[in-house]
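S.K.: no sequence on this one, just coordinates:
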């Protein structure tokens, strides 16, 4: 068996030491650090991405929450505004109605006054004309001249007796 | 069977040049060439594939990373955090044995792992290194490694020699396991190859089928033995840290 022939033992050991030492030092110093660097870099990148994703998700949740809050706020604001405006509208309508009422009252009063005045006026005119007619009738029919004061007192006394 | 057809002829060492230092013969042989090829393959592969250092690995870079992670996992499983220091050594041993075995599977290539002197030297490095490590970590207490607690006292005269012998036979078992596997596998392949030539007519196809199957088996064994060598190295390192 060639394995047991010690002729090349020293040569084999020598080359084994040379090649294996070279391999060990080369891997230790050059190859393995490179691979471990790549692996570390990847791990770091992955964990960074994961934390970034988590942060973004939190942010998105926050934004969602604020949107919902704003919507709620807006809804309550809108209902508040509707309520307020309906109340003010009612107030305005009532105020306007009251104003119109007052104006109408004033107008009615005025017109009543005017009516009263014209009535009085026409009444006094009637009296005068009665006086006139009486005077005329008396002077024409009885050729009897009477002063106005006499006529007035006569009418008044007749009025009294009627009453 | 004639000497030139011997299945063991493949293990013969052929010097390419005669080099002597003092009285020592350190000629460059086919065995040395095989070692140089192995080291060249490992270093070039691990360096060139990882050269782009891309975050998303290429297929070749992935192979290097998988090998790295495989041994790193093995070491952390068996030794734990203490093992990180020995990672380059265990990785080198694993790759050296693995690629040495694989290079040996190439036809006409010499398999240096089928030589007991090579495997014994590798195993001795592990054994001596681990023993030194044990004494560095535990001092004289390292001898309690041979004392098994919880055993009746009258068993100790028997158990301590057994423990010592099993400890001392570690380099032998480690080296012979690898050497014998490689020797047997390659011899078997050669024997069947001899049958292919020797058998008449088309019956030679039958051993050829066996050769194909055995080649697959040999590749499996090449990986398995490298793995066994690496995991035993890890276990021995672990023993140097944790006594019984």
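M.R.: That came through fine. Bear in mind the structure is a predicted one, so any value in this text is a computation, not a measurement.
S.K.: excluding its backbone neighbours, what's nearest residue B:129?
M.R.: Distances taken as C-beta to C-beta, 6 or more residues apart in numbering or on different chains put residue B:89 closest to residue B:129, at 7.8 Å, once the chain neighbours are dropped. For the C-beta atoms, the positions are set from N, CA and C on the backbone; glycine is no exception.
S.K.: so who does the one you found touch?
M.R.: Shown in contact with residue B:89 (C-beta atoms under 8 Å, 6 or more residues apart in numbering or on different chains): A:24, A:28, B:129, B:233.
S.K.: so which of these sit within helices?
M.R.: A:24, B:129, B:233 (DSSP state H).
S.K.: distance check, the second one against chain A.
M.R.: It refers to residue B:129. The gap separating residue B:129 from chain A is 12 Å, by C-beta to the nearest C-beta, to the nearest Å.
S.K.: quick check, residue B:54 in a strand?
M.R.: No - secondary structure of residue B:54 (DSSP: H, G, I helix; E, B strand; the rest coil): coil, not part of a strand.
S.K.: can you give me the neighbour number for residue 136?
M.R.: Here I'm looking at chain A. If you count neighbours by other C-beta atoms under 10 Å in any protein chain shown, residue A:136 ends up with 10.
S.K.: switch to chain B, that's the one I care about
M.R.: When neighbours are counted by other C-beta under 10 Å, residue B:136 registers 10.
S.K.: point out where chain A drops to low pLDDT.
M.R.: Within chain A, the set of residues satisfying pLDDT under 70 comprises A:163.
S.K.: so does the helix of greatest length in it get close to chain B?
M.R.: In chain A, with assignment by DSSP H, the single longest helix is helix A:32-137. Yes - residues of helix A:32-137 contacting chain B under C-beta under 8 Å from any C-beta of the partner chain: A:32, A:34-39, A:41-42, A:45.
S.K.: can these go into JSON lines with extra columns for neighbour count?
M.R.: Shown next, in JSON lines, are these (neighbours: other C-beta atoms under 10 Å in any protein chain shown):
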{"residue": "A:32", "neighbour count": "21"}
{"residue": "A:34", "neighbour count": "17"}
{"residue": "A:35", "neighbour count": "23"}
{"residue": "A:36", "neighbour count": "15"}
{"residue": "A:37", "neighbour count": "12"}
{"residue": "A:38", "neighbour count": "20"}
{"residue": "A:39", "neighbour count": "16"}
{"residue": "A:41", "neighbour count": "13"}
{"residue": "A:42", "neighbour count": "16"}
{"residue": "A:45", "neighbour count": "11"}
